[in-house]
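*Asks:* How does the following fold in three dimensions:
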Amino acid sequence: MIHLQAVDLSKAKTETLVIPVCEDKDIHDDPTIAALILRAKKLKEFKGKKGDQIAFYNLPDVKIVRLMFIGLGKLAKIDLEAMRAMAGTAVKECIKKDLSEVLIAVPSAAKTNLPDQPLLTALTEGACLGNHLFDKYKKEKKHKPLKKINLLVKAAAAKKHRKLSSRIATICQGTALAREWVNTPPNEKVPEQFARSIARLARREKLKVTVWGEKELKQQKFGALLAVAAGSQHKPRLVILEHKPHKAQKAIVLVGKGVTFDSGGINLKPSAGLEDMKIDMSGAAAVAATLIAAAKLKSKVNLVGIMPLVENMPSGQASRPGDIIKSYAGTTVEIGNTDAEGRLILIDALAYGLKKYKPRTIIDLATLTGACMVALGEKIAGVFSFDDKLAQEIVSSGEKTYERCWRMPLPEDYKELLKSNFADLSNMSSTRYGGAITAALFLAEFVGKARWAHIDIAGPVYGKKETAYCGAGGTGFGVRLLCDLLEV
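*Replies:* Alright, predicted model coming up:
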């Protein structure tokens, strides 16, 4: 947990104080901190430029053992993400030095031209997210997360924002949980295992949990989902989590794609990158973690999370290109490519969610297409919606949380590309271009006139390299975005 702390620096009981430094302006109100910054800037190797770092030890006039200075660059370029990254960097540096605690000096909101509450939010997020390690499968645990992280603020701010820091920490714990699930190897999160893990943690927070196996899915005629699961010896699951504090209020339904490993099926993927296909359940991880966070925070919003979980594998039982299957909605689909499997499990979950809950809004998250990564790169998600207001709300929440999103088009004439000669629809476009758009339009056929948005998170859910507040691997993308969007 992160605490906001108001203390006199001369009496501060901490082993490490981190001071963010602006290159061209003083951004702190405390005269003691300002004097320490001047001392640091007298050194040739530290000027407060972005990326600059330096440490002082055992200064005679300061009781704190270790002072770390982190450069932010010029004031004009300092934004909330810079603050988030600084806090994450500070925590990670302390972890690498095998320290147990840190106190981070919060700059003046007025002097940085940043709003007070968003500034504290960004710092708290960066520190929380940077304190997550995933070393479950390593025999040697090189480092440990910090036991104590405090933010040094004025007394008034400490009292005013205490609840804020607790809320943010809970949401960031949800992000860390999603990261853990994504990083778990596919042999330890086959559908039945992943479903058990979600259910166990959800029940702990008093969520209503429903888990359907193959028998129930056949009874309910989830034909598209079952077609994807047919090639694996590990049977599919559908997990439903419900958080309903208000009986009269219609729920917001969240649907998360949960392919625990995607081999491509009969249309086998090439070997390059295949080891990363454990991440194809990132949508389900984000949805489950959001519901759990909402329950912890006792959110007043009615939420339902639906997670179809399958493993897409080739075998003698697997679905073939050319097969025609009937979806939950009754629509027939010709399988043009077994590697376009995510959209098949999603249409059954979306159609069920609409019929069962008649939601006021339905949003799906999915690592759906490589085409979206081609369009937007690895750090921005694509948003598809016919509802201008909903699309803008998602983009705005992405800007606030730095889980960035960009709205993509849904042109009516592109629907022609999904026609099949033998079924109602094909799961593959007749052209190789615009794949993220045609995939979204395929989903749109199963949401009727509902207020719906599809978020293609294929790019930002996983990183090969460590960043300021995330280790290499799963990022937990989507949890903070959804919590902000839904005002959890």
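*Asks:* Please make it C-alpha for all contacts and neighbour counts, starting now.
*Replies:* Will do.
*Asks:* pLDDT wise, what is the nearest residue in space to K11 that is not next to it in sequence at?
*Replies:* Closest residue in space to K11, ignoring its immediate chain neighbours: K63 at 7.4 Å, by CA to CA, 6 or more residues apart in numbering. If you check K63, the pLDDT there is 83.
*Asks:* now swap in S165 and tell me
*Replies:* pLDDT, S165: 88.
*Asks:* coming back round to it: measure the residue nearest to K11 to K464 for me?
*Replies:* Distance of K63 to K464, given as CA to CA, to the nearest Å: 40 Å.
*Asks:* what about the residue located most distally from the centre of the chain, distance to S10?
*Replies:* Outermost residue of the chain with respect to the C-alpha centroid, by CA atoms, centre = their mean, is P60; its distance is 44.4 Å. P60 sits 12 Å away from S10, going by CA to CA.
*Asks:* what sits against Q249?
*Replies:* N302 (CA atoms under 8 Å, 6 or more residues apart in numbering).
*Asks:* oh, I was asking about P191
*Replies:* H234, K235, P236, R237, T260, L309, V310, E311.
*Asks:* what's the helix or strand for the second one?
*Replies:* Pointing back at K235 there. Under DSSP states H and E, no helix or strand contains K235.
*Asks:* Do I have it right that it meets N312?
*Replies:* No: K235 is beyond contact range of N312, at 10.5 Å (criterion: CA atoms under 8 Å).
*Asks:* Find the residues that touch each one of these two.
*Replies:* Taking CA under 8 Å, 6+ apart as the contact criterion, the common neighbours of K235 and N312 are A229.
*Asks:* mind checking the longest strand of the protein?
*Replies:* strand 303-312 (DSSP state E).
*Asks:* in it, what counts as buried?
*Replies:* L303, V304, G305, I306, M307, P308, L309, V310, E311, N312 (16 or more other CA atoms under 10 Å).
*Asks:* Please name the nearest non-neighbouring residue to G231.
*Replies:* Closest to G231 by CA to CA, 6+ apart is A318, at 3.6 Å.
*Asks:* Could I get the buried residues of strand 303-312 in CSV, plus columns for distance to G330 and pLDDT?
*Replies:* Shown next, in CSV, are those (distance: CA to CA, whole Å; pLDDT from 0 to 100):
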residue, distance to G330, pLDDT
L303, 26, 98
V304, 23, 98
G305, 23, 98
I306, 19, 98
M307, 20, 98
P308, 18, 98
L309, 21, 98
V310, 21, 98
E311, 23, 98
N312, 22, 98
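*Asks:* Dump those residues to JSON lines, plus distance to D484.
*Replies:* Below are these laid out as JSON lines (distance: CA to CA, whole Å):
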{"residue": "L303", "distance to D484": "14"}
{"residue": "V304", "distance to D484": "16"}
{"residue": "G305", "distance to D484": "16"}
{"residue": "I306", "distance to D484": "19"}
{"residue": "M307", "distance to D484": "21"}
{"residue": "P308", "distance to D484": "24"}
{"residue": "L309", "distance to D484": "26"}
{"residue": "V310", "distance to D484": "29"}
{"residue": "E311", "distance to D484": "31"}
{"residue": "N312", "distance to D484": "32"}
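*Asks:* Pick out the most distant pair among these.
*Replies:* Across the buried residues of strand 303-312, no pair lies farther apart than L303 and N312, at 28.3 Å, counting by CA to CA.
*Asks:* same for the longest helix seen in the chain, what does it pack against?
*Replies:* For the chain, the longest helix by residue count, based on DSSP state H, is helix 162-183. In terms of contacts (3 or more CA pairs under 8 Å, 6 or more residues apart in numbering; DSSP states H and E), helix 162-183 is packed against strand 2-5, helix 116-130, helix 282-296, strand 473-474, helix 479-485.
*Asks:* Identify all contacting residues around whatever helix or strand comes next after the first one.
*Replies:* Pointing back at strand 2-5 there. Next in sequence after strand 2-5, counting helices and strands by DSSP H and E, comes strand 16-22. Defining contact as CA under 8 Å, 6+ apart, one finds that strand 16-22 is touched by 27, 33, 37, 48-49, 64-75, 86, 90, 101-107.
*Asks:* Report the mean confidence score over strand 16-22.
*Replies:* 96.
*Asks:* what lines up beside that strand in the sheet?
*Replies:* Strand pairing for strand 16-22, using DSSP bridges, gives strand 66-73 (parallel), strand 101-105 (parallel).
*Asks:* Going by neighbour count, which residues in that strand are buried?
*Replies:* In strand 16-22, residues buried by neighbour count (16+ other CA under 10 Å) are T16, L17, V18, I19, P20, V21, C22.
*Asks:* ditto for stretch 270-290
*Replies:* Those would be 276-290, for stretch 270-290 by 16+ other CA under 10 Å.
*Asks:* so which of those comes closest to G382?
*Replies:* Among those, G283 lies closest to G382 (CA to CA), at 13.3 Å.
*Asks:* pretty sure the closest one is touching L368, no?
*Replies:* No: using CA under 8 Å, G283 makes no contact with L368, being 9.3 Å away.
*Asks:* shared neighbours of these two, anything?
*Replies:* Looking at what touches both G283 and L368 (by CA under 8 Å, 6+ apart), the common residues are I457.
*Asks:* The strands paired with strand 16-22: which one's closest to D424?
*Replies:* Here strand 66-73 is closest among these (CA to CA), at 55.9 Å.
*Asks:* contacting residues around the closest one?
*Replies:* Residues from elsewhere that reach strand 66-73 (CA under 8 Å, 6+ apart): 15-24, 37, 40, 46-58, 78, 82, 86, 90.
*Asks:* picking that back up, and the two most separated of the buried residues of strand 16-22?
*Replies:* The distance between the two most remote of the buried residues of strand 16-22 (CA to CA) is 19.6 Å, for T16 and C22.
*Asks:* about what we covered before: and whichever helix or strand comes after the longest helix of the chain, what's its mean pLDDT?
*Replies:* Downstream of helix 162-183, the next assigned helix or strand under DSSP H and E is helix 191-204. In this model, helix 191-204 carries a mean pLDDT of 98.
*Asks:* Now do the helix or strand that helix 191-204 is followed by: which elements does it pack against?
*Replies:* Later in the chain than helix 191-204, the nearest helix or strand by DSSP H and E is strand 208-212. Counting contacts by 3+ CA pairs under 8 Å, 6+ apart, strand 208-212 is packed against helix 191-204, strand 237-243.
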